[in-house]
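Trainee: A predicted structure for the sequence below; I have some questions about it.
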Amino acid sequence: MITALTAAQFVFQDGATQSFTADGRTTYVERGARSSGEWSVVDDGTFASFWPPTYRATYEVRWTVENGVPVGVSFTDARSGVRYNGRYQRPES
């Protein structure tokens, strides 16, 4: 899971981005507003996030694969069942 989350920055359909670092930090940027939080592995395929001061959530994570290549991850909120699809934002060649 750490590899899936830290491979590259994610970009979501609405243009928001999120990055995860191996030391448990995450940054989410939506319409220029930046927020920082923490994340940790709960179980294989599940992680928890904490956004100070009090927001906590748990997500199931699954690879998104196209033509045999991972292109991102889907995050499903364990509480609401809402799924968010993040695609890896790769540097332009």
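Mentor: Everything's here; your move. Keep in mind the model is a prediction, meaning the values are calculated, not measured. Residues are numbered from 1 along each chain as shown.

Trainee: sheet partners, orientation included, of the helix or strand hosting residue 34?
Mentor: Following DSSP states H and E, one finds residue 34 within strand 33-43. Partners of strand 33-43 in the sheet, by DSSP bridges, are strand 25-30 (antiparallel), strand 46-51 (antiparallel).

Trainee: which residues does residue 89 contact?
Mentor: 8-11, 17 (Cβ atoms under 8 Å, 6 or more residues apart in numbering). All C-beta atoms are positioned from the backbone trio N, CA, C, and that covers glycine.

Trainee: so where do the strands sit in the protein?
Mentor: 10-12, 17-20, 25-30, 33-43, 46-51, 55-66, 69-77, 83-88 (DSSP state E).

Trainee: and of the contacts of residue 89, the nearest to residue 46?
Mentor: Within these, distances to residue 46 taken as Cβ to Cβ reach their minimum at residue 10, with 17.2 Å.
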